[in-house]
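Output the structure for:
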Amino acid sequence: MSAPEHLPDADNGLLRFLTCGSVDDGKSTLIGRLLYDTKAILADTLHAMARTSQKRGLDAVDLSLLTDGLQAEREQGITIDVAYRYFSTGTRKYIIADAPGHEQYTRNMVTAASSADLAVILIDARRGVLTQTKRHSTIAHLMGIPHLVVAVNKMDLVGYERAVFEKICADYRDFAAKVGIADVCFIPISALAGDMIVDRGERLGWYSGPTLLDLLETAVGAPAAHGAPFRFPVQYVCRPQRADDPLLHDYRGFMGRIESGEIAVGDAVTVLPAGRTTRIKDIQVAGVSQPLAIAEQSVTLLLEDDIDISRGDMIARSGALPQTRQAVRANLCWLSETPLDPRRRYLIRHTTRETQARLASIDSRLDIASLAHEAAAGLAMNDIAQVSFRLAQPIFADAYAENRATGAFIVIDAATNNTVGAGMVI
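Just a heads-up that it's a prediction; the model follows:
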């Protein structure tokens, strides 16, 4: 049965998901199969993929070519950067992120995970749960992705044996329980043959659960930012000139993106760090006033009182304020090839605010192989640890588990201006 025949005529909204796992588990092929079977590949793209496949001596179209777009990836047959693809069905729209599998590119996966609602963890049925599988799963969990789907791929290479699938499921459940991952679904698939991706196929009759597309179509997105407390980091102070006198200004407005919650004209708000309370006088979008604004909108706010506000300050609803933190404890993914050096100067960028930071302590480092939290004097690339920073200026942060937008920050090397770490406030 093809996708258009069994998908309901509904709209479940946008779903952002990523595929990850160890190298050669078939992530790129899975995405290619998903797009191919949902008729989401343009004819000219398909022809180009067919020509490239013929040059490689392949009898069938290599579907992994759809996402492996970089020349280095095509030459090596691996995925290096995060590749994004967009498609839609009769039920919802999707943004797919194909994360790299090699260990040295784990840092790229953090970027994709930061905005994902669901993660598809691929496991090669022949190899089972590997260290990189655990690393990607742990990062997905730390990054607050609410749903994990474990897709046991290449079932065609193990004779579609049920016992192989069930052994991998048991091993992964044991790992997930130690990490604290609760919401996991398991699917046996063959990305190459197309079994249990969009169509069920005929070789996995012992599996009665949903296909991968069925799961994606019904998955609930991440907790809506609209229901969280109102958070508005100020990006820019706007003072438009009056047409009749360029030396005078019409008003003083504060521009930015609403990271969470909603706000209406007349609502009481508090400005941080000043702590001053006022009310919303007007809300403008592209110069047009509106009574209400919600999460993910870029707006200009006008306040009833004249308060000194600059970039990096935050406007929040009175009575539901974030914590003002000058010391931050966080889960940290170290992304740089240069190890973390406690003597080095770092900057922390949180929403629109940037401040100098000093590493106060490395509380523990997670050993991915044993899942033990161990003492550490430093961090190398791809290490995951709990750390504490002391900040020169306070930030206004929620716990990452409560608000992904105001609970996340990046660490910048002050000397090179390179992003070296991604943190989640505890």
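
Could you tell me how many residues sit around residue 364?
Using other Cβ atoms under 10 Å, residue 364 is surrounded by 15 other residues. To be clear about C-beta, it is placed using only N, CA and C from the backbone, and glycine gets the same treatment.

repeat for residue 128
Counted with other Cβ under 10 Å, residue 128 comes out at 14.

Could you point out which residue ranges in the stretch 51-200 of the chain have low pLDDT?
62, 64-83, 101-107 (pLDDT under 70).

which residues of it fall in helices?
Remark: helices assigned in the stretch 51-200 of the chain by DSSP state H, counting those that start in this stretch are 71-76, 106-113, 131-142, 162-179.

and the longest one, which residues are buried?
Same thing as helix 162-179. For helix 162-179, the neighbour count (16 or more other Cβ atoms under 10 Å) marks 164, 165, 168, 169, 172, 176 as buried.

Which single one of those is nearest to residue 234?
residue 176 (40.2 Å; Cβ to Cβ).

Now distance to residue 193 too, for the helices of the stretch 51-200 of the chain, in JSON lines please.
JSON lines is the format used below for the helices of the stretch 51-200 of the chain (distance: least, Cβ to Cβ, whole Å):
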{"stretch": "helix 71-76", "distance to residue 193": "23"}
{"stretch": "helix 106-113", "distance to residue 193": "26"}
{"stretch": "helix 131-142", "distance to residue 193": "22"}
{"stretch": "helix 162-179", "distance to residue 193": "15"}
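
surely residue 398 meets residue 409?
No. The criterion here is Cβ atoms under 8 Å, and residue 398 misses it with residue 409 at 11.7 Å.

Which of those two has more residues huddled nearby?
Counted by other Cβ under 10 Å, residue 398 and residue 409 do not tie: residue 409 has more neighbours, with 27 against 23.

Now that one: which helix or strand?
strand 408-413 (DSSP states H and E).

Tell me the helix or strand right after that strand.
Next along from strand 408-413, by DSSP H and E: strand 419-425.

Overlap in contacts, residue 398 and residue 409.
The contact sets of residue 398 and residue 409 overlap at residue 425 (Cβ atoms under 8 Å, 6 or more residues apart in numbering).

which residue packs closest to residue 132, ignoring adjacent ones?
Among residues not flanking residue 132 along the chain, residue 22 sits closest, at 4.0 Å (Cβ to Cβ, 6 or more residues apart in numbering).

any idea how far that neighbour lies from residue 98?
Noted for residue 22: a distance of 14 Å to residue 98, by Cβ to Cβ, to the nearest Å.

got it, and residue 127?
19 Å.

Those two - which one has more neighbours?
Neighbour count, other Cβ under 10 Å: between residue 127 and residue 98, residue 98 has more, with 27 against 13.

Touching, the more buried one and residue 25? I think so.
No. Counting by Cβ under 8 Å, residue 98 sits too far from residue 25 to count as a contact (11.5 Å).

Overlap of the contact sets of the two?
Common neighbours of residue 98 and residue 25 (Cβ under 8 Å, 6+ apart) do not exist.

got the phi/psi numbers for residue 32?
Dihedral pair for residue 32: phi -60, psi -40, per degrees, to the nearest 10.
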